[in-house]
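could you work out the structure for the sequence below:
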Amino acid sequence: MSDLAATPTDRRRPRRRLAVLIGLLGTFLLLCCGGGTLVVLSGFAGDGDDPAVDRLAADACGQGGVVDANGKLPSVDSYGPDKIRNAAIIINVGKQMSVPPRGWIIAVATAMQESNLTNLGNLGSRNDHDSIGLFQQRPSMGWGKPEQLRDPAYTARKFYEKLLKVTGWQTRPLTDAAQRVQISAFPDAYAKHEPIATRIVNLLTNGAARAVNVGNQLRCAAAGDITASGYTRPVRANIVSGFRTSERPGHNGVDLAAARGTDIHAAANGRVLVARCDPAGDGSYSCDVDGYPGKGGCGWFVDILHAGNIITRYCHMVRRPVVKVGDLVQAGQVIGQVGTSGDSSGPHLHFEVHVNGNRGSAGAINPAPFMSERGIPLGGKA
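Model prediction:
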């Protein structure tokens, strides 16, 4: 038996998606320091004619709290109120420019890498000589005058102007989109900031990172949509067995009861770590036939590594996956089809999420809240 947990299906606990109540919330203000600018943030991100429609997805899909205009700005992990204030300026400039929320996440994550969300002065020879501001933009490279680059709003606008010129930036991996703007000596460094940048955007906008931008209006994600957080449903199907239930404490994922042959999609951009039959056995074991409870293993399965050392796992495929180890995949890309190979009593996708790059049981977390936080509630009939 491999390090993978046994994954038989359990159809005793079907769940239905809860209806969402949509309320119209007031606009809230954030007073942000930077170049003497008064920054006004709305709880939504669209720019349509009807504010109620614009904030539909943020209010309906988001669970992040609204920042109290009369209170202190929050801290998020190691990012205190002053740094969150700079993130708010970046987000607000993006909204003013009609940049979709995906761009806000890219911009905030980039500033996290370049300056730790600190408005840097001229660091001299210690840091690329004339790099300045939240994005370490250089006057000598045509980004602007030093006094301009010390204004967070100006420097954010310059970042977005270049980002919008990147072909397909909304569907590119965050680190790729950021690198095409920044031309950094460390092009892979941006990716690790994506999860926290997503949290910050959700907090300051009441959940815009959980939404889908369509025609400059936000709405809740539907089947096949990719949210601003960069995630999508692996399949659209009801959850029929939950994570580590009292009946099955060793069940390290959720079972989604999709029909045999249903396409399975990568939940987010990433790199394939594993694509094989589990367990390999002594030659008498086969993943090319239907499994049964107690047979053992995931059958045909795939593990994908995503930004922030998140790993997703997809088990019981009907045949060999259509991706191989080392492949770079995009969110929504088909990686295989639903089956019932391995330790399984019927066709379904067993879906797992692991943190800290740990593929074992110790790294497994409940996929349902993880995906909901990214705007992709699991469940719903195919």
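
quick one: the strands in the stretch 201-350 of the chain, in order.
Using DSSP state E, counting those that start in this stretch, the strands of the stretch 201-350 of the chain run over 212-214, 217-219, 239-241, 254-256, 263-265, 270-278, 299-306, 310-317, 328-329, 334-337, 349-354.

which of the ones you listed comes out lowest on mean pLDDT?
Averaged per stretch, pLDDT over the strands of the stretch 201-350 of the chain is lowest on strand 217-219, reaching a mean of 72.

would CSV of the strands of the stretch 201-350 of the chain with distance to Gly142 and mean neighbour count be doable?
C-beta coordinates here come from the backbone N, C-alpha and C atoms, glycine included. CSV is the format used below for the strands of the stretch 201-350 of the chain (distance: least, C-beta to C-beta, whole Å; neighbours: other C-beta atoms under 10 Å):
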stretch, distance to Gly142, mean neighbour count
strand 212-214, 30, 20
strand 217-219, 34, 24
strand 239-241, 52, 22
strand 254-256, 50, 27
strand 263-265, 41, 21
strand 270-278, 34, 20
strand 299-306, 34, 24
strand 310-317, 36, 26
strand 328-329, 32, 17
strand 334-337, 42, 20
strand 349-354, 42, 26
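
where does this protein have low pLDDT?
Residues of the chain that meet the criterion pLDDT under 70 lie in 1-72, 122-130, 140, 185-187, 215-216, 279-284, 380-382.

ramachandran angles for the residue nearest to the spatial centre of the chain?
Per C-alpha atoms, centre = their mean, the C-alpha nearest to the average position across the chain is that of Ser229, at 3.5 Å. When read as degrees, to the nearest 10, the backbone of Ser229 gives phi -70, psi -10.

so who does it touch?
Contacts here follow C-beta atoms under 8 Å, 6 or more residues apart in numbering; on that basis Ser229 touches 105, 198, 209-210, 374-375.

list just the nearest of those residues to Phe351.
The closest of the contacts of Ser229 to Phe351 turns out to be Arg374 (C-beta to C-beta; 13.6 Å).

now do the domain split for this protein, please.
Split into domains by automatic domain parsing, the chain comes to 51-219, 239-373.

including distance to Arg233, could these go into a markdown table?
Listed next are those as a markdown table, based on distance: least, C-beta to C-beta, whole Å:
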| stretch | distance to Arg233 |
| --- | --- |
| domain 51-219 | 12 |
| domain 239-373 | 7 |
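
Asp225: which of those domains is closest?
domain 51-219 (4.5 Å).

mind checking how far the closest one is from the chain centre?
15 Å (C-alpha atoms, centre = their mean, to the nearest Å).

do stretch 337-350 as well
Relative to its parent chain, stretch 337-350 has a centroid offset of 26 Å by C-alpha atoms, centre = their mean.

now stretch 265-274
12 Å.

list of residues touching that stretch?
Stretch 265-274 has contacts (C-beta under 8 Å, 6+ apart) with 173-174, 224, 230-235, 301-307, 310-312, 323-335, 351, 359, 371, 376.

what's the end-to-end length of it?
End-to-end distance for stretch 265-274: 15 Å, by C-alpha to C-alpha, to the nearest Å.

cool, stretch 174-190 as well?
7 Å.

that stretch: which residues count as buried?
Using 16 or more other C-beta atoms under 10 Å as the test for burial, stretch 174-190 gives 174-182, 184, 189-190.

check stretch 248-264 too.
Across stretch 248-264, burial judged by 16+ other C-beta under 10 Å covers 248, 251-258, 262, 264.

of all these, which comes closest to Arg219?
Nearest to Arg219, judged by C-beta to C-beta, of those is Leu256 at 23.0 Å.

thinking the closest one is in contact with Ser241, fair?
No: under the criterion of C-beta atoms under 8 Å, Leu256 is not in contact with Ser241, lying 9.1 Å apart.

what sits closest to Arg233 if chain neighbours are left out?
Ile376 (5.4 Å; C-beta to C-beta, 6 or more residues apart in numbering).
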